[in-house]
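fold the following.
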Amino acid sequence: MSNFFTPEFNNESAIAPWNASLEPTKAIIPKLDANPVLTGGVGQEVNIPTLTPEAYDNIILPDASLTRMASAVSTDSNSSLPDSSVDLLTGQAMSEVYGDLSKFAADPDFVAKLNVPFGENWDAAAAKALAEGWFQGDFSDIPPVKVVSSAEIGGANGAFAAATDTIYLSKEFLTQNAGNPAAVADVLLEEIGHSVDARLNVTDSPGDEGAIFAAVVQGKVLSEGELQGLKSEDDTATVLLDGHQYLVEKQLSSFPIQGSIGSFYNRYPAIASQLGKATSAEFQFSPAKWRQNFQNGAIFHSASGTFSVRGSLGSYYLKEMRGQDGQLGLPIDEEFHMGGGNWRQSFEKGTLEWLSNGTPRVTLTQNQVPANNWKAEYFNNINLTGNPVFVENLGDGSQGFSKNWGNSSPPNTPSDNFSARMTTQRYLAPGLYQIKTQADDGIRVRVKNQTVVDQWNYKSFAPNSGYFRSNGETVPIAVDYSELGGGAALNFNIIPVTTKFQDSVNPSQQWKATVYSWNSSQGSAPPTNFWEGDINNPNAIGVINLGSNTRSDGKKGINANWGTGAPNGDGNRLPHDFFAMRAYTQANFDGSSYKFRVEGDDGFQLLARSQSTGQLFNITTPNQWTQSYSAKEINYQLPPGQYDMYFNQYEGGGEARFDLSWEKMGNPDIDIQLVYPNGGFTQSQMNIFEQAATNWESVITKDKVPNGVLKIAITQGSKGILGSNWGSGIAAESWMDNFSNYRNDNTTNLFNGRQISGNNFDGDNRIHFNPAVVTPQYPRNHLVRLTMHEIGHTLGLNEAQVDATLYNTSRDSLMDLNAPANGGQDMTITEGMNKRLESLGYGVNRSPSINWS
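Just a heads-up that it's a prediction; the model follows:
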């Protein structure tokens with residue numbers, strides 16, 4: 001049974017039509033566009049659309065339907081085969097035929113291929129109807145099949161009579177091929193071809209158009225000699241059927257065996273018995289070279305002698321190795337048994353072995369592939385290890401080649417988990433060359449001693465580029481390929497760089513980058529002056545736009561992560577490894593110190609050039625590459641003015657990224673540190689104090705002083721902070737620090753010239769609690785609010801009763817001095833508080849996360 005679905009066809013993206021040979025051969029069938037105009041001698045032009053089935057479009061038929069497919073088959077009463085056997089056999093054969101016809105109907109080259117057997121003046125409308133019906137699984141136009149004796153159809157295996165619109169099959173042929181439905185399918189396709197000719201043409205096409213049609217539908221490649229031989233045959237005969245004489249076109253079953261081939265056939269009866277009957281006349285496919293086909297092989301005659309190919313080995317040679325047109329050439333002796341069920345035969349260009357496990361092994365004669373041709377060696381593993389299991393000559397191919405195995409593989413290799421190495425030598429004139437590839441799955445390319453593409457990882461069929469500079473020399477080229485699973489395909493091209501692209505960029509808002517190629521074989525990094533000459537540098541590839549100079553976080557700079565791909569993901573034009581770039585954008589610096597944060601893979605340089613003076617400032621160490629795979633901070637002060645801000649970067653292999661930002665140096669975020677010099681608090685109380693400090697840290701985004709630390713001593717006592725008795729209802733006291741951009745030390749013994757006993761602590765400020773009020777039973781929420789209120793004083797906030805701007809319109813504020821139980825110390829950070837903090841030099845977050853519980 002046939003199982004297929006047809007891929008979408010696109011002339012620009014496809015490697016080659018899926019039913020076309022990618023080998024360099026003399027084409028018989030011209031390649032057309034995906035939507036050709038179907039023309040014939042009758043009617044107007046008709047468009048046959050490219051047919052692409054959905055995933056459920058298939059021709060897989062359950063076994064139970066095989067007999068139904070043969071419902072049009074009838075047998076004579078004198079047939080030696082039971083009707084059920086005939087039905088099953090022809091049903092299996094028809095399953096293959098239907099699959100082949102459906103696939104053929106979806107072929108983008110349907111029109112060109114139809115011209116081969118039927119000429120160019122056929123009925124276009126009729127052909128369109130056939131194609132659409134076959135594609136949709138409608139085979140009602142195929143004539144009924146009747147089984148008769150071979151004698152009734154002139155000794156043929158099959159025949160077609162236009163007068164009765166019936167296909168006739170030989171019962172003897174069916175008996176001989178009871179276990180070989182493929183042979184029956186071949187005959188059916190040939191007779192269907194005769195019936196199609198009768199529908200499309202007014203007169204019979206010359207030669208055996210049915211055999212040509214069957215070969216075309218099955219994707220077989222006919223040499224010019226074979227094609228001309230078939231076109232010169234007379235396949236017509238007059239036969240007596242059901243008491244009437246009819247002119248039929250038949251599948252010829254008897255051909256003369258003569259000359260050198262006939263002498264060989266008669267001299268070796270054992271070989272003749274294995275070959276079976278002739279299925280074609282002998283034909284000349286090349287000067288002094290002849291071939292004749294038989295049921296189970298072929299005989300060749302040339303100056304090397306006369307030899308046969310037969311059996312499993314011969315079938316593989318004729319079908320998979322393409323016979324005399326393949327890389328082995330003609331046989332030069334007969335096959336012989338090596339023992340253990342293994343057979344071997346020698347050919348002009350190598351040997352073919354058929355092993356006992358049913359697999360072939362091809363060995364080409366050493367140095368058989370010319371040095372300037374592409375030599376492909378295939379391995380039965382993904383690591384290019386061991387001896388190649390198959391070798392082929394891909395031809396000259398100019399500067400590239402293309403292979404598409406689909407879900408299959410080269411001969412003698414597994415369909416998945418194989419690898420290949422394609423090698424050649426090429427003269428490359430002086431200049432820069434783009435090495436452009438597509439591979440499913442992995443690919444690695446070396447030119448001379450330079451790795452230019454290295455994508456030895458599982459990838460879809462995406463473009464990858466590399467670059468090579470030639471000094472005008474003949475260089476070795478090696479393309480390594482690996483296939484892990486699924487589809488297998490490979491494209492390779494060498495393209496001289498004649499024009500350097502320059503994308504549109506606005507440097508005032510975007511990064512303008514010139515990309516260069518560098519030779520990895522000359523060192524682990526390019527020279528730091530790689531960019532000299534800019535776009536006129538001989539290694540320059542082109543100019544690209546790296547995007548905005550304002551990052552997603554609002555900072556100036558760039559954050560690009562290309563992974564293992566090319567910059568901007570543009571593998572169609574740019575290399576993913578072994579590139580360098582020089583990028584710049586315009587930036588303004590006000591003379592302050594700036595902090596540059598940068599990390600890159602692999603190496604980088606930071607520079608700034610004054611637009612007014614032209615002076616160049618090296619922010620990183622001059623004339624050398626800096627490497628930092630984690631964030632590196634550099635503090636640098638530039639004179640005020642407008643600058644071209646540059647970064648140079650190079651990428652060797654693996655992942656590529658560059659992360660750069662700069663901002664004016666300011667004070668850091670605040671760190672509120674609480675210390676307990678006298679102890680005396682429970683762990684629960686200290687946890688609440690720390691929570692209050694954390695709440696304020698979520699409010700303050702920048703401290704008012706550079707050190708970023710506010711250290712507060714937390715104490716308690718029976719006397720107030722000045723040593724006097726606690727006022728009525730007072731729960732805590734602290735020092736208010738209301739200096740702008742300055743933090744006063746309020747933990748000394750001196751306060752306004754007055755000695756304060758017990759106030760000398762390590763820190764900046766002090767919060768002093770009244771233990772008579774703030775007992776361990778003090779409500780948790782109230783203690784959070786009280787502590788935050790007091791920390792507010794240490795930050796510089798007054799009581800709201802003193803500074804009314806700290807209230808909101810509802811008269812709520814954390815800085816209300818009333819206790820929570822009295823409606824004060826509200827759970828509200830007001831806009832007035834934020835503005836007061838900013839006036840003192842703090843940065844604030846107006847949407848902080850605060851835990852009041």
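
which residues does the spatially closest residue to residue 500 that is not a sequence neighbour bridge with?
In space, and not counting its chain neighbours, residue 500 is closest to residue 542: 4.9 Å by CB to CB, 6 or more residues apart in numbering. (Glycine included, C-beta is placed from N, CA and C.) Beta bridges link residue 542 to residue 501, residue 515 when assigned by DSSP bridges.

does residue 542 touch residue 502 like I think?
Yes: at 6.3 Å, residue 542 and residue 502 qualify as touching, with contact defined as CB atoms under 8 Å.

low pLDDT regions in the stretch 651-800 of the chain?
749-757 (pLDDT under 70).

thinking again about what came up before, number of nearby residues for the residue nearest to residue 500?
The local packing of residue 542 (other CB atoms under 10 Å) involves 18 other residues.

contacting residues for it?
The contact partners of residue 542, by CB atoms under 8 Å, 6 or more residues apart in numbering, come to 500, 501, 502, 503, 514, 515, 535, 573, 574.

what is the neighbour count of the last one?
Using other CB under 10 Å as the criterion, residue 574 is surrounded by 26 other residues.

quick check: pLDDT value at the residue nearest to it when sequence neighbours are not counted.
Once flanking residues are discounted, residue 574 sits nearest to residue 566: 4.1 Å by CB to CB, 6+ apart. Here, the pLDDT recorded for residue 566 equals 91.

isn't there a strand covering residue 741?
No: assigned with DSSP: H, G, I helix; E, B strand; the rest coil, residue 741 falls outside any strand and is coil.

count the neighbours of it for me.
12.

now swap in residue 732 and tell me
21.

and it, what does it touch?
Here residue 732 is in contact with 767, 768, 769, 770, 774, 786, 787, 789, 790 (CB under 8 Å, 6+ apart).

before we move on, what about residue 445?
435, 437, 451, 452, 453, 454, 466, 477, 478, 479, 480, 492.

which SSE is the closest residue to residue 323 other than its chain neighbours in?
Ranked by CB to CB, 6+ apart and with sequence neighbours excluded, the top spatial neighbour of residue 323 is residue 317, at 6.4 Å. Using DSSP states H and E, residue 317 sits in helix 311-319.

which other helices and strands contact that helix?
Counting by 3 or more CB pairs under 8 Å, 6 or more residues apart in numbering; DSSP states H and E, the packing neighbours recorded for helix 311-319 are strand 297-302, strand 305-310, strand 342-347, strand 350-354.

gap between it and the chain center?
36 Å (CA atoms, centre = their mean, to the nearest Å).

next helix or strand past it?
Criterion used, DSSP H and E; the element after helix 311-319 is strand 336-339.

got the CA coordinates for that following strand in PDB?
Extracted C-alpha coordinates of strand 336-339, given in PDB (Å, rounded to 0.1, in the frame of the first residue of the first chain):
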ATOM      1  CA  PHE A 336      29.800 -14.200  -6.900                       C
ATOM      2  CA  HIS A 337      29.000 -15.600  -3.500                       C
ATOM      3  CA  MET A 338      31.400 -14.600  -0.700                       C
ATOM      4  CA  GLY A 339      29.800 -17.100   1.700                       C
END
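
contact partners of it?
343, 344, 345, 353.

same thing but 10 Å
With CB atoms under 10 Å, 6 or more residues apart in numbering as the test, strand 336-339 has contacts from 343, 344, 345, 346, 353, 354, 355, 356.

contact partners for the residue nearest to residue 323?
Residue 317 is in contact with 297-298, 309-310, 323-324, 326, 328, 331, 335, 345, 347, 352, 354, 360, 362, counting by CB under 10 Å, 6+ apart.

and the strands in the stretch 451-600 of the chain?
Under the criterion DSSP state E, counting those that start in this stretch, the stretch 451-600 of the chain contains strands at 462-470, 473-483, 488-496, 501-502, 510-517, 540-548, 556-563, 579-589, 593-610.

so which of those is the most surrounded?
Neighbour counts averaged per stretch over the strands of the stretch 451-600 of the chain are highest for strand 510-517, at a mean of 24; criterion: mean count of other CB atoms under 10 Å.

that one packs against which elements?
Where contact means 3 or more CB pairs under 10 Å, 6 or more residues apart in numbering; DSSP states H and E, strand 510-517 is packed against strand 431-440, strand 462-470, strand 501-502, strand 540-548, strand 556-563, strand 579-589, strand 641-651.
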